[in-house]
Every structure is written in C-alpha cells, then in structure tokens.
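# Task: produce atomic coordinates for the following.
(chains A, B, C and D)
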There are 2 protein chains.
Amino acid sequence: MAEGGPQTRRSTPATLHDVAREAGVSLATASRSLNGSARKVNEEYRERVLAAAAKLGYTPNLSAQAVARGTSTTVALLVADIADPYFSSIAAGVVGAAGEDRLIVTMAETKRDTERELELVRAMRGQRPRVMILSGSRNIGDPHAAALEAELTAYEQTGGRAVFISESDLPFRTLPLANRAGARDLAIELHGLGYRTFAALTGPETLRTAHDRIAGFSEGLAAHGARLPDDRLVRSAFTRDGGYDGMRRLLEAGIGDTTVVFALNDVMAMGAMSAIRDAGLEPGRDLAVAGFDDIPTVRDVTPRLTSVRMPLERIGEQALRLALDDEADAASARAASADVSTEVVIRESTPRLAS
Amino acid sequence: MAEGGPQTRRSTPATLHDVAREAGVSLATASRSLNGSARKVNEEYRERVLAAAAKLGYTPNLSAQAVARGTSTTVALLVADIADPYFSSIAAGVVGAAGEDRLIVTMAETKRDTERELELVRAMRGQRPRVMILSGSRNIGDPHAAALEAELTAYEQTGGRAVFISESDLPFRTLPLANRAGARDLAIELHGLGYRTFAALTGPETLRTAHDRIAGFSEGLAAHGARLPDDRLVRSAFTRDGGYDGMRRLLEAGIGDTTVVFALNDVMAMGAMSAIRDAGLEPGRDLAVAGFDDIPTVRDVTPRLTSVRMPLERIGEQALRLALDDEADAASARAASADVSTEVVIRESTPRLAS
DNA sequence: ATCGGGCGGGAAAGCGCTATCTCGTGCCGC
DNA sequence: GCGGCACGAGATAGCGCTTTCCCGCCCGAT
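The predicted model follows:
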C-alpha cells in the first residue's frame, strides 16, 4: 500500500464518533460542541471535545452533514468558458462572496453549448446546491430552453435557488446587465466624438447578449440620426478568434467609409485590432475600435481600448447575494442591478475625430 | 413522456425510495438499476425503475452517495487568483479533464496568502475530495509550510491525493513546471538576438516560481558570459500592477544601458509595457520586453510580446491525471511533465538587435 | 428424483452526521 | 418539604444512499 507516515496509520478520517470516544462524551455532545447548536454544552466538556478533535485532526464530513441536515453549503456555478476573462472575473466574484459565507463553490463549463448546459444543470442538481448561478448568455430560440426551465423549476421547488446573470426569458431570479443601455451610451459617446459611420463585429445572432448590445447601439445611433448598416455587421464567434476572423472578413469585403467598429466584447475587440494590424492598418488611427466589458487587459493594449465597463467581480458577488437573499423582491433585484451599472470608458482606440 | 408535472407540489427532491415505490421494486433494486452495480437486474425491473426515475425527475443525492460509498467524486482546486489568466487557464484544464471523468470540481482562492491557503485546505478536506490540486507557487520559508504538510499528509493517509502544480519541497506528487529551463532558454535566445544588458521585474523574492525563473535566466546568461546585475532586478507584486510599478521604479532609478527587461510573467510584462509607454518610451523599440507563460492576450498587445509558452490548460489536465493515476511513479510524473514542457516564442517586443 | 449451486430480489445494516426524545439532576416556590 | 420545572447529557431515530446478507427459485448434475 501507500508508503504512509510513520505515525498513526489510520486509513480512514477521524469521525465524530472517534472524537466523542476520545473526549469521553456522547456523540450528541460532541456534535453540539463542534458544530454550533442551539443548545449549550458544559464548558468543560466543550473543551475536552475541542481538544480531542484537534488531537485527532477531525474535520466534519460535509457530505454527512448535508445528508443529516438536509441542506448543503454548496453553490454551483455554470460558466461558458473559464479561461475567458469575462467569466473568470465573474467567477472570482462569486467565489469571493461565497467564501465570506463559508459556502463552497463548484464550477462547470458549458462551452457555450446549451445541450451541455442542460446536462450540467442536471448533474449539478445531484449536489443539492443551495444556489445555482448560470452566467452564460441565453440564446434566442434555444431548443433546450423548455427543458432547462423544467429542470430549474423542479430544482427550485425542492428548495434550490436559480439565478441567471444577464437577461433571460425564463422565470427565475435574474441579475440584469445593462447591455442595452451600455451599448446605447457607447454609441452616443462615439457619435459625440465625431464618428458617423459604423460597423460591428457581433457574435452568433441568437446570443441574447449580442442581440441586446447591437440593439442598444443601434438605438443610440438612431437617437442621433446615424445608423449601423446591415452590410457592416458581421457575425462570428463570441471569442478573440471570432473577433479576428470577423474583422478580417470585414476588411476583405471592404469597409468603405467606416470609421469605427464596435466589437461586441473586449476579447473580440482585441482580436479585431490584431486583424486590423495584420492588414497593415493602425487601429485607432486608420480605424477606431470599441469593445465592451472593460476587462483588465484592455488598459494594456495599444491603443488602449475604448470600452463599456462592467464591474464583473461585483456582478458575481451580487448574483450570489441575489440568490441568497431570502426575500429578494423586485426592489432588491433593482438595487443589485443598480450596483452593477455600466460606464463608458473612452480611450485612445477611439480618438476624437477632426471635423 | 411528460416531464414531472408542476402539479406535484413536493418540497423535497425525489428520493431513491420514492423511485422504488413508484416502480414497485425494492430500494436495493432501484439502486442497482440506477447506479451501476456489479449485480445484474432483470431488464424489465430495470426499465420500470428508469421510467419511474424519469417520471419523478430523480437525481441521486451525491452527498448521500458519498457518505454511503465512503468516497466522493469531488476534486478540490486551490488557485491564487481566479481572475488571473494563468490560473484561470489552469482551472479550465482541470475542470475540462474532471468533466470527462464525471468528477465535480470545487474551487477556492488563496489570494496568495499561505495562511489562508492552509485554512482552505482544512476546510476543503471536509468535502473528502478524491484529489486536491494546489496550483499556487510555493513560498520559500513559508511559516505555514509545516502545518500544510501535516494537513496534507493526514489527508493522504485517509485516502486523498494531493498534487502540487509547480515545484514544491513538500513530499507530495508534483507536476514540475519548466520554470528554470524555460527561463534559461529565453535568456539564451535573447542573447542570440544580440541583447547583452538585462534587467528583470520579479515577484516577491520568496516566491519559488519567481526564484526559479530568475535563477534559470541568470544561468542562461552566464552560459554566454552575460549577467543580470543585482541593481537591475526589481521586486514587486506578481501581478499586472506589480509589473507596472516595478517598471516605473526601474525607470525612475534609471535603466542605464539596459536593452531588455525580463518580466517574470506575462501579466507583469503587460503592466511593464504600459509603464514604459507612460514614460514616453516605446516598448520593443526603446526597450525590449519579454514575459513568461504566453497567456493568450500577449498575441494581441503591441508590440506582440516575446514569452515562454506554458501549455496552461494542459497543465491543469495533467495535474488531474497525475492525481488520479493510481500508480503514478517517477516515470509517469516525468511523462506528464514532458507533456507540459515550455517553448520560447520570440515576438516583436524583442526585435533582433542591430549589431 | 435429489441435491448443490448460481442467480437475482429484498431486507437490513451501516456510512457520518443532526435533531428529537428521554431522563436524571438540581433548584425554586409556596 | 415536596412537587414542578428548567437544564443539559445521552440515547436514538432518522437523512438518502450502498452493500452485505439472506433466501427462494430454477437448472444442471448425479
């Protein structure tokens, strides 16, 4: 067998039973002294138990506690892509907030596949998590939406709490993100800088987030009599490579008089800037670029990228709060979402246009 | 078949018991048909059980299974900072590989605090995870190292498996990362490009990874008669802002004839490039910069950053494999580590020097 | 015919906990 | 001075599962 330590050669973790025996008290007393209980226990016993636990290196078995208590201390988090800064920032927020409440977070990756997402929800339900946070964007016309709704409804009926980050049509708590408003503001700011001709790099048209951002952007333009021509709108993956490809296609097709391109998120924008550069142009000078999300790295690219700040970590935190809040009503959801409002950050990638 | 209708107003999830009753079989039979067992069960019964389970929307309670089986399907992952691309990429690898084995991963953040790390290990032990992956770098002279070792030893003695990513002095399985060799290769390549005068932006001196990278770099330089002067070595946080600050301080102190600065990781390098630029200089032209890790974004910054590629996701995968591999011996560890070897990637940030 | 033995269903004994309950103490009030 | 009562320790009944163990059944070997 494994070359274990020279000391105690147990092969199974100390149980509460062991602790109780060691301390010479009953199981019940041991339980009460170690894990908060309404009842008081004699200080002397209490200390004996604590000492015994320390001596034995006892750690309560969380699974057993969950079974006995009928409730777990787990929060399940679903993200599209962990390595994407957008999601990893949100995850950091969730994990951070969960830590404060001594909750454990388990994570899974949907890879932007709604069928997979459904399976994962199903699988994670097995943990009986206290809350479940779904952070990917919804898809318009998702064939699995009904099944997902059924699954989550069942989950909530059995005491769970599902929360969506970003808009959803499904009847669950949702932390709304100001995609539309943020994009509208961005459009207005760009217009204010003198831009009049626009193009956009968008994700799959079914992606709700993409849809909202485009809609908001168009709205903002419309308010000033400008518009986003359909033939200046290219669809590609919602990733860095998607941004690169989209931009390349746009350039090959000819950008005409386009002065600024709006990439639907920062990673796409970064890909787009590389594509522009690879085409021999200079982003910011020859063609302005704006992104969305304001992920940390956009401060370090050249030119610094104009973007719409989303407080990603805060969003993760608020999503958890919203889930945990027992009487989360419309008001608290509104408060939470106010806390995660967006702000346009103009940087060098969209210089003021000489008129 | 209609899904479990909302009419059933139960407030507690369906249990195996419910399924058994619904199917008209015993608990044992239900268990055997739903969760693989060595024993065969009559096909007809089996189908009845499956149908009942589907009808009731039954999902096995993982906690209960863990308690009954005495083993969980959880892997615990500790990272320093989830939002850092280095760690989020590793996490993505771990989560991906875990998914294939139907394992669930729970994540926690040490914030680079070894005391907190110790506490977290303790807390996560409560889940009785099958494996525990610690991915932050070790600290030289860490006062909590002994306690951590004790905790992990106890964990392994009770059937767990601890794995470190990156070198460690502790007696546990370790997926070694070629920090030293990678840095050495980088130094040699830079020398080959004509660089002769070096500076480095390093993390806290106690950080083992930082230490190894600097050591390797110095080694590489020494092999060609060059060296890294002590006064061109600045210590700061191992983060983007640390890189920025470090570079700023270096510039203020005067970089003398330095031609290239080696930032110990890419996020620091990105911060450094921004600092260089903010000082009115042009990275790559006025001062070359090299990083380490080759995180995805370095392709998109300007100038593109020279770095040492570490296959981060693969590292996460291999760490899990190494943990799961029952008879992981020296050979398999070596194989795993061979699979995660580094490669220097020269890009525009370190142009060939005209001689 | 008889018997041993595989086969597979069901009862039941746990797994490590929590929470209810039981019950012996010691103390207060009238 | 005695009943009532609050207090708190210990026994125990679960929690939702898995996994023996037991046992009736059927089949092939004798």
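# who in chain A is up against DNA strand D?
Taking CB under 7 Å from any atom of the strand, the part of chain A that reaches DNA strand D is made up of A:25-29, A:32, A:39-42, A:45, A:64, A:67-68, A:70. Backbone N, C-alpha and C define where each C-beta goes, glycine included.
# In the stretch 201-350 of chain A, what residue comes closest to DNA strand D?
residue A:326 (21.7 Å; CB to the nearest atom of the strand).
# what about the helices in chain A?
A:16-23, A:27-34, A:43-56, A:62-69, A:85-100, A:114-125, A:145-157, A:179-192, A:208-223, A:240-253, A:266-278, A:312-324, A:330-338 (DSSP state H).
# Of these, flag the one that's most buried.
Most buried of the helices of chain A by mean neighbour count (mean count of other CB atoms under 10 Å in any protein chain shown) is helix A:266-278; its value is a mean of 26.
# and residue A:162, bridged to which residues?
With beta bridges defined as DSSP bridges, residue A:162 has these partners: residue A:132.
# JSON lines please, covering the helices of chain A and showing mean pLDDT and distance to chain B.
Listed next are those as JSON lines, based on pLDDT from 0 to 100; distance: least, CB to the nearest CB, whole Å:
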{"stretch": "helix A:16-23", "mean pLDDT": "91", "distance to chain B": "12"}
{"stretch": "helix A:27-34", "mean pLDDT": "90", "distance to chain B": "12"}
{"stretch": "helix A:43-56", "mean pLDDT": "90", "distance to chain B": "10"}
{"stretch": "helix A:62-69", "mean pLDDT": "94", "distance to chain B": "4"}
{"stretch": "helix A:85-100", "mean pLDDT": "96", "distance to chain B": "4"}
{"stretch": "helix A:114-125", "mean pLDDT": "94", "distance to chain B": "5"}
{"stretch": "helix A:145-157", "mean pLDDT": "92", "distance to chain B": "5"}
{"stretch": "helix A:179-192", "mean pLDDT": "96", "distance to chain B": "21"}
{"stretch": "helix A:208-223", "mean pLDDT": "94", "distance to chain B": "20"}
{"stretch": "helix A:240-253", "mean pLDDT": "95", "distance to chain B": "7"}
{"stretch": "helix A:266-278", "mean pLDDT": "95", "distance to chain B": "4"}
{"stretch": "helix A:312-324", "mean pLDDT": "94", "distance to chain B": "7"}
{"stretch": "helix A:330-338", "mean pLDDT": "65", "distance to chain B": "21"}
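# Of all the ones you listed, which one comes closest to residue B:104?
In terms of CB to CB, the element of the helices of chain A nearest to residue B:104 is helix A:114-125, at 7.6 Å.
# the inter-axis angle of that closest one versus helix B:62-69?
For helix A:114-125 against helix B:62-69, the angle by axes from the mean of the first three to the mean of the last three CA atoms, to 10 degrees is 50 degrees.
# Tell me the spacing between the nearest residue to residue A:354 once chain neighbours are set aside and residue A:288.
Counting by CB to CB, 6 or more residues apart in numbering or on different chains, residue A:194 is the residue found nearest to residue A:354 once chain neighbours are left out, at 7.5 Å. Separation of residue A:194 from residue A:288 (CB to CB, to the nearest Å): 10 Å.
# Between the two, which is the more surrounded one?
Just comparing residue A:194 and residue A:288: by other CB atoms under 10 Å in any protein chain shown the higher neighbour count belongs to residue A:288, 25 against 15.
# Quick check: bridge partners of the more buried one?
Beta-bridge partners of residue A:288, as defined by DSSP bridges: residue A:260.
# Verify the stated contact: it with residue A:350.
Yes - using CB atoms under 8 Å, residue A:288 is in contact with residue A:350, at 4.3 Å.
# shared neighbours, these two?
Common neighbours of residue A:288 and residue A:350, using CB atoms under 8 Å, 6 or more residues apart in numbering or on different chains, are A:190, A:195, A:260, A:306.
# would you list those in JSON lines and tack on distance to residue B:135?
Output for these, formatted as JSON lines (distance: CB to CB, whole Å):
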{"residue": "A:190", "distance to residue B:135": "41"}
{"residue": "A:195", "distance to residue B:135": "44"}
{"residue": "A:260", "distance to residue B:135": "40"}
{"residue": "A:306", "distance to residue B:135": "34"}
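# which residues touch the residue nearest the centre of chain A?
With distances taken as CA atoms, centre = their mean, residue A:90 lies nearest the centre of chain A, 3.8 Å away. Residue A:90 makes contacts with A:79, A:135, A:165, A:312-313, A:315-316, A:319, as judged by CB under 8 Å, 6+ apart.
# re earlier: for the shared contacts of residue A:288 and residue A:350, work out which two are farthest apart.
Taking CB to CB, no two of those sit farther apart than A:195 and A:306, at 10.6 Å.
# Please look at residue A:220 and residue A:192 and confirm they touch.
No - the criterion here is CB under 8 Å, and residue A:220 misses it with residue A:192 at 10.3 Å.
# between residue A:195 and residue A:306, who's got more neighbours?
More crowded of residue A:195 and residue A:306, by other CB under 10 Å: residue A:306, with 28 against 21.
# Distance of the more buried one relative to chain B?
Separation of residue A:306 from chain B (CB to the nearest CB, to the nearest Å) stands at 15 Å.
# Run through the bridge partners of that residue.
When bridges are called by DSSP bridges, residue A:306 pairs up with residue A:290.
# quick one: contacts for it?
A:186, A:190, A:288-291, A:344-350.
# swap in residue A:190?
Contacts of residue A:190 (CB under 8 Å, 6+ apart): A:198, A:260, A:262, A:288, A:290, A:306, A:350.
# can you count the residues close to the fifth one?
Applying other CB under 10 Å, we find 32 other residues in the vicinity of residue A:290.
# Show me what from the stretch 101-250 of chain A comes close to DNA strand C.
Residues of the stretch 101-250 of chain A found near DNA strand C (CB under 7 Å from any atom of the strand): none.
# Just give me the neighbour total for the residue of the stretch 201-350 of chain A found nearest DNA strand C.
Here the stretch 201-350 of chain A gets closest to DNA strand C at one residue, residue A:326, 17.6 Å apart by CB to the nearest atom of the strand. By other CB under 10 Å, the residues close to residue A:326 number 6.
# same check, this time on residue A:103
As a burial measure, residue A:103 scores 19 neighbours (other CB under 10 Å).
# contacting residues for it?
Counting by CB under 8 Å, 6+ apart, residue A:103 has contacts A:73-75, A:130.
# biggest separation within those, which pair?
Going by CB to CB, the pair spanning the contacts of residue A:103 furthest: A:73 and A:75, at 8.3 Å.
# More neighbours: the two, which one.
residue A:75 (29 against 17).
# Would you check that that one makes contact with residue A:132?
Yes - in this structure, residue A:75 is within contact of residue A:132 by CB under 8 Å, at 7.3 Å.
# Next, show the common contact partners of these two.
By CB under 8 Å, 6+ apart, the residues touching both residue A:75 and residue A:132 are residue A:323.
# okay, now residue A:35: neighbour count?
11.
# Great, nothing more from me.
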